[in-house]
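Trainee: below are the sequence and a predicted model for it; my questions follow.
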Amino acid sequence: MNRTASLRADPRLSRFDPLPRIIYFDDFDDGMNGWTALVGNYEDSIDTMSRSYARHTQPMLSQIAHWDSGTHGAFDGTYALKVATRPVKGERNTAIKRVTFRKASRIRVEVYFTFKPEANELKLSDQDVRAVGLCFDLQNGAHRVMPHLRYLNALDGERMFKWQFKQTTTPFRAIGGRGETVTHDHLAPEGWEDIPGGGQKLCYNEIPTKINWHYLRFDFDLAEMKWLGFQCNDRAFDCAGVNSIVIPAMKNLWCMLNLVFFAESDTDKRTFFYLDSVMLSGEF
Amino acid sequence: MPSVIRNTYTAVIARGEAWGGRVETEPYEAAWASEAVFFVRALAVRGRAPAGRARVQISPDGMNWADEGTSFRLPVKPGEVTFAKVTNFGGWLRLAAQVPPKAGLKVVATLALKG
């Protein structure tokens, strides 16, 4: 059977353009599908965890219910994965899924996403969300590589509306006394750079309880550990010159293929990042 | 194909947090679940005051909260686990804990959901 015709005939798959092999397709109407909290590293005492990671909370399955209009629902079905920050400016939260790769091929992640601040004020509130984004945490035989992409919506009260990447993490910090565990904060707020030509206005809608879903595709080459480009809605972005955080390979992360979605708040209000579904595919 | 077994998810709603005075956990959405068990485990206990209590709260929107009616005692010694079971809670859950003056807890609080 023709593969394209088969994909397009399935209403659940028709809105995706996966590479030849689907690694996972997570529709959150079916449950969490292995998405969980990203906690920091620790040894002997949980107090050794870095504060920024200790603040992370668990993702949720959300019906996207609002005080004024009830359940909004997901792109299809009822539930979306929800990453919610605490109501503190500069807070972030994450959801992670951890697998490994069987071939260092091209990979593609596609998601339908949206974001909103908590609707606890009767005003537009479009500058309350700082950013939403994704990062991979990857390792081959030589390097740990972490491509980071975020949509910077607002920063310190100013509308930004642009895509960014980062190539730097924080210095490593040893944890505990056995020399077995270290930590670093690759999602720290410092070091973000603008994607060249990466300005984009998204449909926010007119009050904080109206949402619109957006399409995001991100392509990466595991063999070359190189960005291949990304697309959001009607805009495709060339990523020539855009790179990842690259650090030496670590002793227990071989073939790691972790995907993280993260949200950041720009005011003392919760930021909500919703994912209707996540498709990860590869060329193998 | 519909799942033939029920969904379940365990959410850690407080991870090594210090609780003193009045504490409210972050809202947790769980409309998909039909039953929930809150667990509180003490990692450390400070002071010798009477045990604190935690009340289960529910909400129509994740912003406005009401007592569900269930409450339970908080642990009084390290390693102790206390819990409460709830059903018919709508879409949102959280815990509102009250720790007596001069007392403090370091806790892991967990929400075990099934539906």
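Mentor: In hand now; what should we look at?
Trainee: chain A contacts on chain B?
Mentor: Residues of chain B that fall close to chain A, judged by C-beta under 8 Å from any C-beta of the partner chain: B:3, B:7, B:9, B:11-13, B:15-16, B:26-32, B:43, B:60-64, B:91. From N, CA and C alone the C-beta is placed, and that goes for glycine too.
Trainee: mind giving me the PyMOL select for the residues you listed, buried ones only?
Mentor: PyMOL command restricting these to the buried ones, with burial defined by 16 or more other C-beta atoms under 10 Å in any protein chain shown:
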select buried, chain B and resi 9+11+12+13+15+16+26+27+28+29+30+31+32+43+61+62+91
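Trainee: so which of the residues of chain B next to chain A sit within helices?
Mentor: Assignment to helices by DSSP state H places none of the residues of chain B next to chain A there.
Trainee: which residues touch the residue lying closest to A:Pro59 once chain neighbours are set aside?
Mentor: Nearest non-adjacent residue to A:Pro59, counting by C-beta to C-beta, 6 or more residues apart in numbering or on different chains: A:Ala95, 3.9 Å away. By C-beta atoms under 8 Å, 6 or more residues apart in numbering or on different chains, A:Ala95 lies in contact with A:35-38, A:59, A:81, A:83, A:260-262, A:275.
Trainee: tally of neighbours for whichever residue of the stretch 151-284 of chain A sits closest to chain B?
Mentor: For the stretch 151-284 of chain A, the residue closest to chain B is A:Arg270, as judged by C-beta to the nearest C-beta, at 8.2 Å. Using other C-beta atoms under 10 Å in any protein chain shown, A:Arg270 has 25 other residues around it.
Trainee: which pLDDT value goes with it?
Mentor: We have a pLDDT of 98 for A:Arg270.
Trainee: give me the mean pLDDT for stretch B:67-85.
Mentor: Mean pLDDT, stretch B:67-85: 97.
Trainee: what comes up buried for that stretch?
Mentor: B:68, B:70, B:72, B:74-76, B:82, B:84.
Trainee: now, which of those sits nearest A:Met146?
Mentor: Closest approach to A:Met146 among these (C-beta to C-beta): B:Pro75, at 38.9 Å.
Trainee: pretty sure the closest one contacts B:Phe39?
Mentor: No: if you go by C-beta atoms under 8 Å, B:Pro75 and B:Phe39 don't touch, sitting 9.9 Å apart.
Trainee: okay, and the common contacts of those two?
Mentor: With C-beta under 8 Å, 6+ apart, B:Pro75 and B:Phe39 have common neighbours B:81-82.
Trainee: can you pull the residues of chain A lying near chain B?
Mentor: For chain A, the residues in contact with chain B (C-beta under 8 Å from any C-beta) are A:30-32, A:37, A:39, A:46-47, A:49, A:54, A:57-58, A:60-63, A:65-67, A:78-79, A:82, A:84, A:86, A:118-120.
Trainee: now those residues: which count as buried?
Mentor: Among the residues of chain A next to chain B, those buried by neighbour count (16+ other C-beta under 10 Å) are A:31-32, A:37, A:39, A:46, A:49, A:54, A:57-58, A:60-63, A:65-66, A:78-79, A:82, A:84, A:86, A:118-120.
Trainee: just the ones of those residues in strands?
Mentor: Mapping those onto strands (DSSP state E) picks out A:60-62, A:65-66, A:82, A:84.
Trainee: farthest pair within those residues?
Mentor: Farthest apart among these - using C-beta to C-beta - are A:Leu61 and A:His66, which lie 16.3 Å from each other.
Trainee: now do the same contact list for B:Ala30.
Mentor: Contacts of B:Ala30 (C-beta under 8 Å, 6+ apart): A:60-61, B:36, B:89, B:91-93, B:111, B:113, B:115.
Trainee: quick one, phi/psi of whichever residue of the stretch 101-250 of chain A sits closest to chain B?
Mentor: Among all residues of the stretch 101-250 of chain A, A:Asn120 sits closest to chain B, at 5.2 Å; criterion: C-beta to the nearest C-beta. Dihedral angles of A:Asn120 (phi, psi; degrees, to the nearest 10) stand at phi -100, psi 10.
Trainee: please name the residues that touch A:Trp11.
Mentor: Quick fix: residue A:11 reads Pro, not Trp. If you count contacts by C-beta under 8 Å, 6+ apart, A:Pro11 has them with A:Asp76.
Trainee: next one, pLDDT for the nearest residue to A:Thr209 once chain neighbours are set aside please.
Mentor: Take A:Thr209 and drop its neighbours on the chain: the residue closest to it by C-beta to C-beta, 6+ apart is A:His66, 3.9 Å away. Looking at A:His66, its pLDDT reads 96.
Trainee: so where's the chain uncertain?
Mentor: The chain I'm using is chain A. Along chain A, the model assigns pLDDT under 70 to residues A:1.
Trainee: wait, I meant chain B there
Mentor: Per-residue confidence for chain B (pLDDT under 70) gives these ranges: B:1-3.
Trainee: can you do 90?
Mentor: Filtered on pLDDT under 90, chain B yields the residue ranges B:1-4, B:47-51.
Trainee: run a quick neighbour tally on B:Ser34.
Mentor: Residues near B:Ser34, counting by other C-beta under 10 Å, number 14.
Trainee: same check on A:Cys232?
Mentor: For A:Cys232, the neighbour count with other C-beta under 10 Å is 19.
Trainee: ok so, going back, which of the buried residues of stretch B:67-85 sit farthest apart?
Mentor: B:Glu68 and B:Val76, at 23.4 Å, using C-beta to C-beta across the buried residues of stretch B:67-85.
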